[in-house]
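>>> okay, predicted coordinates and the sequence, questions at the end:
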Amino acid sequence: MKSFPATLNRSALVTVPVTPRSPKYPCGMALRFARITRVRADKSPGEADTLGRVREIYAKQVKKHR
């Protein structure tokens, strides 16, 4: 299978039902069953959430469900 380089000029909204912690990955998280919900024409890839932001969202989810 060939791969082709792509230039991204849009962001995508990704929905993840569960974001479990995982020692298997260097970032410490596994985004399982992630789905692209929609393309975000209003945001550039540079405005995408960072790993730090994903960790904040995860911490709020864990706190909320305790």
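Looks like it arrived, so ask away.

>>> okay, which residue is most central for this structure?
Geometric centre of the chain, nearest residue: residue 14, 6.0 Å, by C-alpha atoms, centre = their mean.

>>> without its sequence neighbours, what residue ends up closest to that residue?
In space, and not counting its chain neighbours, residue 14 is closest to residue 34: 5.2 Å by C-beta to C-beta, 6 or more residues apart in numbering. (Each C-beta comes from the backbone N, C-alpha and C, glycine too.)

>>> how many neighbours does that neighbour have?
By other C-beta atoms under 10 Å, 13 other residues sit near residue 34.

>>> my read: it touches residue 12, true?
No. In this structure residue 34 lies outside contact range of residue 12 using C-beta atoms under 8 Å: 9.9 Å.

>>> what touches both of the two?
Here residue 34 and residue 12 share no contacting residue, scored by C-beta atoms under 8 Å, 6 or more residues apart in numbering.

>>> quick check: the residue nearest to the centre of the chain is in a strand.
Yes. Counting by DSSP: H, G, I helix; E, B strand; the rest coil, residue 14 is part of a strand.

>>> pull the distance from the lowest-mean-pLDDT helix or strand in the chain to the chain's centre.
Sorted by mean pLDDT, DSSP states H and E, the helices and strands of the chain end with strand 11-15, the least confident at a mean of 75. With C-alpha atoms, centre = their mean, to the nearest Å as the basis, strand 11-15 stands 7 Å off its chain's centre.

>>> okay, now the sheet partners of that strand, with direction.
strand 35-40 (antiparallel) (DSSP bridges).
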